[in-house]
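Asker: coords please:
(one chain, ligands or ions: 2)
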Amino acid sequence: MSVERPPGLPMNASLAGLPERITIWEVGPRDGLQNEKSTVPTEVKLEFLDRLADSGLTTLEATSFVHPKWVPQLADAEDLVGKLVRRDGVRYPVLVPNERGLDRALEAGMEHVAVFASATETFANKNLNRSLDEQFAMFEPTVTRARAEGLEVRGYISMCFGDPWEGPVEPAQVAAVGKRLVDMGCGQISLGDTIGVATIGQVPAVLGAFAAVGIGADRLAVHFHDTYGQALTNTIEALRHGVTTVDASAGGLGGCPYAKSATGNLATEDLVWTLDGLGVQHGVDLNRLAETSAWMAGQLGRPSPSRVVRAITG
Ligand code: HMG
Ligand code: MG
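Answerer: Ligands and ions are numbered 1, 2, ... in the order given. Sure, this is the predicted structure:
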């Protein structure tokens, strides 16, 4: 299928306070596919990863080394990364919840891992089978050993902007979790709006809470799910406050199997469309990416939720 951008593209016009360039952290192969009802065949995942790299993305979160019973959709992690032809200039982070996950990632020769914490007690329990405090006991030896092995380690925090069981989450509570992750050696912290409830005013509030514990926006990434259609607005606000790494998912795939109200992530195409309009560089070929998402939607048997994908390929 060939895709064409529509005529009459908007002229670039920037906004004050935006970075010149950002890094897109593509989570579709992991966050996207972990939540599919059916398990996508390994060969399709491999083609997906290849096509994403072809479109210019340089960070592809490939899979998770979690318990296969907890996330059966990613139970092929070893097989997948064993067959993956890794490209120069592309990094392939994987999720590891604990030392067992790290062992598996090291054995598979992975160079970038991410632990994933919760800002709330209830979600720590549901997603990790640990209390809020116990999660750190699980991450500490994992992060320490990963660093000693020379790996880059990211720390995710879920439920940063609201929790379906506990309601509002205090920014100071989120920042306290982030501080513990940074202190144990996580290089970057990704702020997850797991259920996509954040509104724009919360963004500077949460970033401000991190600044208050000594963690600047340069150490932070944002990870908005798009349940209420706010992911792009919130992301642009984060960019205006100094964040330069944005998590997004090709075609808007995504969700968390342990947070039922979670839907897809910010669609990478929606992000790229806006960045192009704003003149912020990102290195991605929008047409190629949209073509990939349309192909993936065909594999999954339903249209992409991304309006940009539909507008370009429809
Ligand atoms: P547990 O049942 O408490 O595990 O689960 P355990 O530590 O008691 O171990 C039980 C058995 O599991 C042992 O085997 C372990 O070896 C094995 P046994 O000795 O009984 O034969 N085991 C493992 N096997 C393979 N790989 C492993 C592993 N770990 C233990 N890594 C656990 C605890 C953390 C493992 C479990 O809760 C789990 O896997 N959770 C993952 C949930 C998940 O992946 N959620 C989605 C990702 S997070 C997300 O999507 C949010 C994010 O996108 C940001 C946002 O949007 O907010 C990142
Ligand atoms: Mg997520």
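
Asker: got the residues of the stretch 151-300 of the chain near ligand 1?
Answerer: Within reach of ligand 1 by Cβ under 6 Å from any ligand atom, the stretch 151-300 of the chain has these residues: 156, 158, 192, 194, 223, 225, 256, 258. (Glycine included, C-beta is placed from N, CA and C.)

Asker: what about the residue of the chain found nearest ligand 1, helix or strand, and which?
Answerer: Closest contact between the chain and ligand 1, by Cβ to the nearest ligand atom, is at residue 192 (2.4 Å). If you go by DSSP states H and E, residue 192 is part of strand 188-193.

Asker: In the protein, where is pLDDT below threshold?
Answerer: Within the chain, the segments meeting pLDDT under 70 span 1-11, 255-256, 261-262.

Asker: Can you lay out the residues of the stretch 151-300 of the chain next to ligand 1 as a markdown table showing distance to residue 165, secondary structure and neighbour count?
Answerer: Listed next are these as a markdown table, based on distance: Cβ to Cβ, whole Å; DSSP: H, G, I helix; E, B strand; the rest coil; neighbours: other Cβ atoms under 10 Å:
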| residue | distance to residue 165 | secondary structure | neighbour count |
| --- | --- | --- | --- |
| 156 | 18 | strand | 24 |
| 158 | 12 | strand | 29 |
| 192 | 15 | strand | 31 |
| 194 | 12 | coil | 31 |
| 223 | 19 | strand | 26 |
| 225 | 16 | strand | 29 |
| 256 | 13 | strand | 23 |
| 258 | 11 | coil | 19 |
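
Asker: ok, which pair from those is furthest apart?
Answerer: Pairwise distances across those (Cβ to Cβ) peak at 15.5 Å, for the pair 223 and 258.

Asker: In the helix ranked longest in the chain, which residues are buried?
Answerer: Using DSSP state H to define each element, the chain has its longest helix at helix 132-148. For helix 132-148, burial by neighbour count (16 or more other Cβ atoms under 10 Å) applies to 132, 135, 136, 138, 139, 140, 142, 143, 145, 146, 147.

Asker: Which secondary structure state is assigned to the nearest residue to residue 245 once chain neighbours are set aside?
Answerer: Of all residues not flanking residue 245 in the chain, residue 221 sits nearest, at 3.8 Å (Cβ to Cβ, 6 or more residues apart in numbering). Recorded secondary structure, residue 221: strand (DSSP: H, G, I helix; E, B strand; the rest coil).

Asker: Could you do residue 24 as well?
Answerer: Three-state assignment for residue 24 (three-state DSSP): strand.

Asker: which ones are touching it?
Answerer: Neighbour list for residue 24: 57, 59, 246, 248, 268, 271, 272, 282, 283, 284 [criterion: Cβ atoms under 8 Å, 6 or more residues apart in numbering].

Asker: Identify the bridge partners of it.
Answerer: residue 246 (DSSP bridges).

Asker: what about it, distance to residue 156?
Answerer: Going from residue 24 to residue 156 by Cβ to Cβ, to the nearest Å gives 16 Å.

Asker: Taking strand 188-193 as reference, get the angle to the helix or strand containing residue 232.
Answerer: Using DSSP H and E, residue 232 sits within helix 231-240. Calculated by axes from the mean of the first three to the mean of the last three Cα atoms, to 10 degrees, helix 231-240 forms an angle of 150 degrees with strand 188-193.

Asker: Name the residues of helix 231-240 that come out as buried.
Answerer: Within helix 231-240, the residues that count as buried by 16+ other Cβ under 10 Å are 231, 232, 233, 234, 235, 236, 237, 238, 239.

Asker: Including distance to residue 83, could those residues go into a markdown table?
Answerer: Below are those laid out as a markdown table (distance: Cβ to Cβ, whole Å):
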| residue | distance to residue 83 |
| --- | --- |
| 231 | 32 |
| 232 | 34 |
| 233 | 39 |
| 234 | 36 |
| 235 | 33 |
| 236 | 37 |
| 237 | 39 |
| 238 | 35 |
| 239 | 36 |
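
Asker: check contacts around residue 113.
Answerer: Counting by Cβ under 8 Å, 6+ apart, residue 113 makes contact with 93, 94, 95, 96, 101, 102, 105, 146, 151, 152, 153, 154.
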